[in-house]
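Peer 1: how does the following fold in three dimensions:
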Amino acid sequence: MIFRFGEQLISMEMEDWEADQVPAVFVTDSRHADEILAKAGILYENEIQISKIGFCRLENQQDCVVGTLCIPRLLDVLGSRYRMYFFVNRSNVVIVDDENFSLRLIRRIQQKRTHQGETKERFLYNFIAEFMSRDQEMLVAYERKLLNMEEEITRDHTTNFQSKLMPIRRELLNLRSYYDEMMDLSRELEENENGFFLKKQLKYFGTLTDRADRLMSKTGHLLEYAQQVKEAYQAQIDARQNSNMQFLTVISTIFFPLTLITGWFGMNFQNMPGLKDGYPWVVALSVVVIVGCIIIFKRKHII
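Peer 2: Sure, this is the predicted structure:
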């Protein structure tokens with residue numbers, strides 16, 4: 001599929017394309033990548049292996065700029081990602097994608113944006129901005145989850161708390177690394193090392209850098225908030241354990257003098273006073289000890 005630059009991105013079939021119809025955006029899969037790269041005048045000597053893409057990064061070569069994109073799926077951040085290559089020379093942009101994700105993005109650009117791609121700089125801005133357009137909304141959803149979890153802690157509803165929090169923290173860590181990679185990629189585009197982009201158009205890449213930076217900062221704040229929520233949960237657990245320990249301490253304190261009393265009167269020496277008729281006195285003394293302990297604990301606000 002070919003899309004020509006202009007006021008509107010114009011879709012063309014390969015058989016309708018002619019060599020003088022440049023610049024253009026080429027969208028292809030890995031099987032036809034070498035053929036399309038040759039048609040676009042791009043020489044890439046390395047092997048194209050989309051399945052091995054693991055990072056978003058940019059590589060400046062003598063004849064072109066080569067970028068890889070590894071984009072998390074919004075509904076499954078920790079799962080498989082959208083992977084693709086993009087190549088840029090002085091005239092053309094080639095996107096290599098085996099999942100048609102890039103075509104869906106371009107269709108959304110055609111539907112939503114008035115200025116779709118007058119230049120390759122504008123096209124790259126629209127393309128990258130489009131797959132990052134819903135990320136802010138996704139981060140807001142994470143924030144709401146953490147707010148709900150914090151509210152549950154205040155209500156002492158902590159069932160399966162760890163199993164709920166850990167996936168959120170892992171997803172946020174994953175997203176923070178992704179935004180960091182996108183920020184570096186946008187900065188390298190803005191640096192324009194090979195001079196493939198017009199200087200007056202570099203502002204678009206600066207905007208992408210700022211957006212990735214804001215998203216990364218938001219993700220960092222959410223990670224800090226998640227840590228605070230975890231600490232609040234741990235404080236709740238500690239308070240509950242302290243309450244249990246306090247209860248056990250009170251019971252032990254009450255029964256310790258009773259143990260001493262029963263041990264003393266249970267020695268059964270031959271000439272021991274109260275051996276024959278001391279049972280009522282032992283009971284009375286035990287009751288007095290218990291009542292005295294309770295009064296002391298209440299005065300000290302222990303119970």
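
Peer 1: now the helices for the stretch 51-200 of the chain?
Peer 2: Remark: helices assigned in the stretch 51-200 of the chain by DSSP state H, counting those that start in this stretch are 101-112, 120-131, 135-154, 161-191.

Peer 1: the longest strand anywhere in the chain pairs with which strands?
Peer 2: Ranked by residue count, the top strand of the chain under DSSP state E comes out as strand 76-88. With DSSP bridges as the test, strand 76-88 is paired with strand 65-73 (antiparallel), strand 93-97 (antiparallel).

Peer 1: which one of those lies closest to I153?
Peer 2: strand 65-73 (28.1 Å; CB to CB). C-beta here means a position set from N, CA and C on the backbone, and glycine is covered the same way.

Peer 1: now that closest one: buried residues?
Peer 2: V65, V66, G67, T68, L69, C70, I71, P72 (16 or more other CB atoms under 10 Å).

Peer 1: ok, the first one - contacts?
Peer 2: In other words, V65. L58, E59, F87, V88, N89, L189, N194, F196 (CB atoms under 8 Å, 6 or more residues apart in numbering).

Peer 1: tell me which helix or strand of this protein sits lowest on mean pLDDT?
Peer 2: Lowest by mean pLDDT, DSSP states H and E among the helices and strands of the chain is strand 10-12, with a mean of 56.

Peer 1: before we move on, back to that, next, format the strands paired with strand 76-88 as a markdown table and append distance to K218 and mean pLDDT.
Peer 2: What follows is those, written out as a markdown table (distance: least, CB to CB, whole Å; pLDDT from 0 to 100):
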| stretch | distance to K218 | mean pLDDT |
| --- | --- | --- |
| strand 65-73 | 15 | 94 |
| strand 93-97 | 28 | 92 |
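
Peer 1: what helix or strand does the residue of the chain positioned farthest from its centre sit in?
Peer 2: Distance from the C-alpha centroid of the chain, by CA atoms, centre = their mean, peaks at N271 (78.3 Å). According to DSSP states H and E, N271 maps onto no helix or strand at all.

Peer 1: and of the contacts of V65, the nearest to K164?
Peer 2: For the contacts of V65, the nearest to K164 is L58 (36.8 Å; CB to CB).

Peer 1: ok, now which ones touch the most centrally placed residue in the chain?
Peer 2: Nearest to the mean C-alpha position of the chain, counting by CA atoms, centre = their mean, stands L172 at 1.3 Å. Shown in contact with L172 (CB under 8 Å, 6+ apart): Y142, T219, L222, L223, A226.

Peer 1: go on, L208?
Peer 2: Residues in contact with L208 (CB under 8 Å, 6+ apart) are Y125, I128, A129, M132, M182, S186, L189.

Peer 1: give me that answer again for 10 Å
Peer 2: By CB atoms under 10 Å, 6 or more residues apart in numbering, L208 lies in contact with L124, Y125, I128, A129, M132, M182, M183, L185, S186, R187, L189, E190.

Peer 1: between those, which is closest to Q111?
Peer 2: When these are compared against Q111 (criterion: CB to CB), the nearest one is A129, at 14.5 Å.

Peer 1: list the contacts of the closest one.
Peer 2: Per CB under 10 Å, 6+ apart, neighbours of A129: L105, I109, R113, Y204, T207, L208, R211.
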